[in-house]
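Asker: give me a 3D structure for the following:
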Amino acid sequence: MGLFISLLFQGISSGPFDTALVDRLIVLFGELAILVPPLIILKQRKVSVKDVLPLHEVSPLTFIMAIVFVAGAIGMVTAYELIMLPYFPIPEFLKQLETELSQGGVLEILILIIAGSIAAPIVEEFLFRGVLQQSLFYKYGSILPAMVVPTVIFALFHVAYLFYLPAFIELLALAFMLAWLMVKTGNILIPIIVHGLFNLSSLSDLFIPTLEDVNTVSELGLAWVITSVLLILIAWIYFKNMPNVVLDRVYLIPPLREKEG
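Answerer: A predicted model of the protein is given here:
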């Protein structure tokens, strides 16, 4: 329902006011519109938003290692995209989308960054890692389906990238990483930060094309690849050695009939 409302909102034509600024505002409010159905359900069942957000206490080092993890992941994604490019050329519709997103002035860019790096991570992590993953885990008592189901839906959620295999695989890997970090930390802020930094990196490529002349991994450099692998390895070891977090109490969204009874 949230996705449908978002797509409907983003499909609204601004008519004579069709400008880059209006388009960016539609993207921002379209992302926020995804929250309408779950917020209505929460209100209907008299459950506050903070009650369904897992916020297990974590150390400052955990936040630092999450940033290290995403930094390595961004580096490896860059190498992965260069490897896949000769075999899977970027479709014209994605090139056109990138061109449209890169248009506009400072205000338009700022709104796009807010939408992609702040609003989207908060909204999507609230839905997928906050509500859906936790509900599946505490209902069925199994980590695997609780991670896999939100991961697949998260990838399908990003409709524009479903028709480009490398991007779809990238989305699955990102979603699985976010799900794993949620299992290890029990704190929704960790996947929100990782998601936000990953999106910020993707958006920065639209406006700061520092790698536009790099076409192969060899041109990217061995140091880039080694550094990225080391960062991922350091963070992976840190999180792997952490026990899975099982929260003492989780407020799931109860069926309406139970609240009425």
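
Asker: center of the protein - which residue?
Answerer: Centroid-nearest residue in the chain, with C-alpha atoms, centre = their mean: residue 195, separated by 4.3 Å.

Asker: who's in contact with that one?
Answerer: Residue 195 sits next to 120, 121, 124, 125, 174, 178 when contact means C-beta atoms under 8 Å, 6 or more residues apart in numbering. Using the backbone N, CA and C atoms, a C-beta is placed for each residue, glycine as well.

Asker: got CSV for those, with secondary structure and pLDDT too?
Answerer: As requested, the contacts of residue 195 are arranged in CSV below (DSSP: H, G, I helix; E, B strand; the rest coil; pLDDT from 0 to 100):
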residue, secondary structure, pLDDT
120, helix, 92
121, helix, 95
124, helix, 92
125, helix, 93
174, helix, 93
178, helix, 95
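
Asker: quick one: which of these is nearest residue 49?
Answerer: Closest approach between these and residue 49, by C-beta to C-beta: residue 125, at 12.8 Å.

Asker: so how many other residues sit close to the closest one?
Answerer: Close neighbours of residue 125, defined as other C-beta atoms under 10 Å, add up to 26.

Asker: that one against residue 178, yeah?
Answerer: Yes: under the criterion of C-beta atoms under 8 Å, residue 125 makes contact with residue 178 at 7.0 Å.

Asker: any common contacting residues for these two?
Answerer: Shared contacts of residue 125 and residue 178 (C-beta under 8 Å, 6+ apart): 191, 195.

Asker: figure out the helix or strand that the residue nearest to the centre of the chain lives in.
Answerer: Secondary structure assignment for residue 195, by DSSP states H and E: helix 189-207.

Asker: and that helix, average pLDDT?
Answerer: If you average the pLDDT over helix 189-207, you get 90.

Asker: in that helix, what's buried?
Answerer: Neighbour counts over helix 189-207 (16 or more other C-beta atoms under 10 Å) mark 189-201, 203, 206 as buried.

Asker: I'd like the next helix or strand past that helix.
Answerer: If you walk from helix 189-207 toward the C-terminus, the next helix or strand you reach (DSSP H and E) is helix 217-220.
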